[in-house]
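I'll drop the sequence and a predicted model, then ask my questions.
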Amino acid sequence: MSLSFKPIKSLLQTGTSTASRWLSYVGLGIGVLLLFCSIQMLVNIHQLLKGNIIRKGGFDYISITKKITLENVADYETSYFNQQEVDELKSNPFIADVAPLVSTQFQLDMIVPGVFTTPTTLYVEGLRKDFIDTVPANFQWHKEGDTIRLIISSQFFEVFNALSRSNGLTQISTQMAATINIQLTCHSPDTAATYPAKWSAFSDRINTVLAPEEFVEWANMKFNGHKADRYARLYIKTKNAEDKELLNYLNSKGYKVNKDKTKLGGAKQAFDGIFTGLAVFGLLVVILALMLFSFYLQLVIAKSRESLQLLLAIGYSPKWLGKNLSKRFIPIYVLIILIALSLAELMQWGFHQRIMFNRPELSSCLDWKVGAAAIFLVVLSIITNQNLVKRLLRRLGSQE
């Protein structure tokens, strides 16, 4: 037959220090709520900002150029990257890989039969496929006469439609763009050749017009007589585009980073610092509240000292008494944490629906990390109080 705690419950004097108890309840609730909200806001910030850099395979891709100064304006060649500088960049541990944007070294004109019949100068570049965010299966070129597949920047396409609207021209969709026949005319000093081309995809990462790298290299040889050996822009593959060591290194070398990809780094770090600080403050409040609980338990045990000593003398073990005494406070801990969790969920729903207007990057539900923190706090509270009560009862038993 198992022992029951109910007959001896009345021997414990728990009706003291009501104000202290309620202060600890309120403090624990505020601390837990602040901790949950801080964790969720950190998650929200990372969800909102991670979309500003187009990641692929867990890496960030950023473009760099050389800063234009009075020195390299006078010396044209120094404003370009050479292969030695590319190799030097690759040797850094915070850079996974580097790929140059290979530009056409000859005049290239574009016409769209029946739409734009006046030749328009086009600037086309080539880039390794593993650095491109959207690579259709047909983005390849093998021999002269093959249709040249082009990838255009999504921003360029938006600007084109904006200009079309303001000039009373027909706007086109991405589906329509893929059906348009284009003619590219390549010029050398003494000859010209025209090739068919089509739009194949749109890139959110690369701000240019891309052609297959094989075509660009072949065309440079045919119409300019040599391959490109200097590059206006490079693309860097790195684990973190906002890494301070990376940005400091690029700045020391006089390289200019695409600010669209890194300008939110400082803001992200600032927000991280603010909400991490709030989370630490919330955790401190939780710890202080648990300390108040521990003081209350010590007071209960001190005021019930004679009764507890009697129970220990007649055979009740400190372990059993400690377990049952600490159990009385477990429902309070769980209730406070569940209330804080519910309030945090309500605040997250309001933030997502009312303030962020249902942004797709966010969720109206709390992140799993908040739930994990709630479980951790429940377990921490139970273990802390059980150990405290057991230690106090053993000390009381040793004083008999």
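In hand now; what should we look at? Numbering: from 1, shown residues only.

gap between G31 and V334?
As defined by CB to CB, to the nearest Å, G31 lies at a distance of 16 Å from V334. C-beta coordinates here come from the backbone N, C-alpha and C atoms, glycine included.

which one's more surrounded, those two?
Neighbour comparison, G31 and V334: the larger count goes to G31, with 23 against 15 (by other CB atoms under 10 Å).

tell me where the stretch 51-200 of the chain has strands.
60-66, 97-100, 102-103, 107-112, 116-121, 124-126, 148-153, 182-187, 192-203 (DSSP state E, counting those that start in this stretch).

can you redo those strands as a markdown table with distance to I132?
As requested, the strands of the stretch 51-200 of the chain are arranged in a markdown table below (distance: least, CB to CB, whole Å):
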| stretch | distance to I132 |
| --- | --- |
| strand 60-66 | 9 |
| strand 97-100 | 10 |
| strand 102-103 | 13 |
| strand 107-112 | 20 |
| strand 116-121 | 23 |
| strand 124-126 | 10 |
| strand 148-153 | 7 |
| strand 182-187 | 19 |
| strand 192-203 | 6 |
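
what's stretch 155-166 in contact with?
Contact with stretch 155-166 is made by 169-172, 174, 177, 202, 207, 209, as judged by CB atoms under 8 Å, 6 or more residues apart in numbering.

quick revisit: can you redo the strands of the stretch 51-200 of the chain as TSV with distance to L42, mean pLDDT and mean neighbour count?
Listed next are the strands of the stretch 51-200 of the chain as TSV, based on distance: least, CB to CB, whole Å; pLDDT from 0 to 100; neighbours: other CB atoms under 10 Å:
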stretch	distance to L42	mean pLDDT	mean neighbour count
strand 60-66	20	88	21
strand 97-100	30	94	21
strand 102-103	41	92	21
strand 107-112	47	89	17
strand 116-121	48	79	10
strand 124-126	38	93	22
strand 148-153	32	91	20
strand 182-187	47	92	18
strand 192-203	31	90	17
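
and of the ones you listed, who's closest to D272?
strand 60-66 (16.9 Å; CB to CB).

who does the closest one pair up with?
strand 234-238 (antiparallel), strand 255-257 (antiparallel) (DSSP bridges).

and the closest residue to D367 other than its chain neighbours, helix, strand or coil?
Leaving aside its chain neighbours, D367 sits nearest to V43 (4.3 Å; criterion: CB to CB, 6 or more residues apart in numbering). Three-state assignment for V43 (DSSP: H, G, I helix; E, B strand; the rest coil): helix.

so what's V43 up against?
Per CB under 8 Å, 6+ apart, neighbours of V43: 367, 369-370.

worst-scoring helix or strand of the chain, pLDDT-wise?
Ranking every helix and strand in the chain by mean pLDDT, DSSP states H and E puts helix 259-262 at the bottom, with a mean of 57.

which parts of the single longest helix found in the chain are buried?
Looking across the chain with DSSP state H, the single longest helix is helix 265-303. Across helix 265-303, burial judged by 16 or more other CB atoms under 10 Å covers 265, 268, 271, 275, 278-279, 282-283, 285-286, 289-290, 292-294, 296-297, 299-301, 303.

who does it touch, helix- and strand-wise?
helix 18-50, helix 318-327, helix 368-398 (3 or more CB pairs under 8 Å, 6 or more residues apart in numbering; DSSP states H and E).

nearest to P113, out of those?
helix 18-50 (42.6 Å).

any idea of the angle the one helix or strand L335 maps to forms with helix 265-303?
Taking DSSP states H and E as the definition, one finds L335 inside helix 330-350. Counting by axes from the mean of the first three to the mean of the last three CA atoms, to 10 degrees, helix 330-350 lies at 160 degrees to helix 265-303.

what's next to helix 330-350, contact-wise?
Helix 330-350 has contacts (CB under 8 Å, 6+ apart) with 25, 28-29, 32-33, 36-37, 40, 44, 363-366, 370-371, 374, 377-378, 381-382.

try it again with 7 Å
Here helix 330-350 makes contact (CB atoms under 7 Å, 6 or more residues apart in numbering) with 25, 28-29, 32-33, 36-37, 40, 364, 366, 370, 374, 377-378, 381-382.

and what of stretch 170-179?
Under CB under 7 Å, 6+ apart, the answer for stretch 170-179 is 161, 164-165, 198-199, 202.

buried residues in it?
172, 177.

quick one: mean pLDDT over that stretch.
Mean per-residue pLDDT for stretch 170-179: 80.

CA atoms only for stretch 124-131, dumped as PDB, please.
Output in PDB follows, covering the C-alpha atoms of stretch 124-131 (Å, rounded to 0.1, in the frame of the first residue of the first chain):
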ATOM      1  CA  VAL A 124      26.000  40.300 -72.000                       C
ATOM      2  CA  GLU A 125      28.000  38.400 -69.400                       C
ATOM      3  CA  GLY A 126      28.800  34.800 -68.700                       C
ATOM      4  CA  LEU A 127      29.000  33.100 -65.200                       C
ATOM      5  CA  ARG A 128      29.500  29.600 -63.900                       C
ATOM      6  CA  LYS A 129      26.200  27.800 -63.600                       C
ATOM      7  CA  ASP A 130      26.700  26.800 -60.000                       C
ATOM      8  CA  PHE A 131      26.700  30.600 -59.100                       C
END
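
tell me the gap between it and the middle of its chain.
Relative to the centre of its chain, stretch 124-131 is centred 25 Å away, using CA atoms, centre = their mean, to the nearest Å.

which residues touch that stretch?
61, 99, 101-104, 108, 135, 206, 208-213, 216-217, 235, 237.

just the buried residues out of the residues you listed, in ChimeraX syntax.
Restricted to buried positions by 16+ other CB under 10 Å, the ChimeraX selection for the contacts of stretch 124-131 reads:
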select :61,99,101,102,103,104,108,135,206,208,209,210,211,212,213,216,235,237
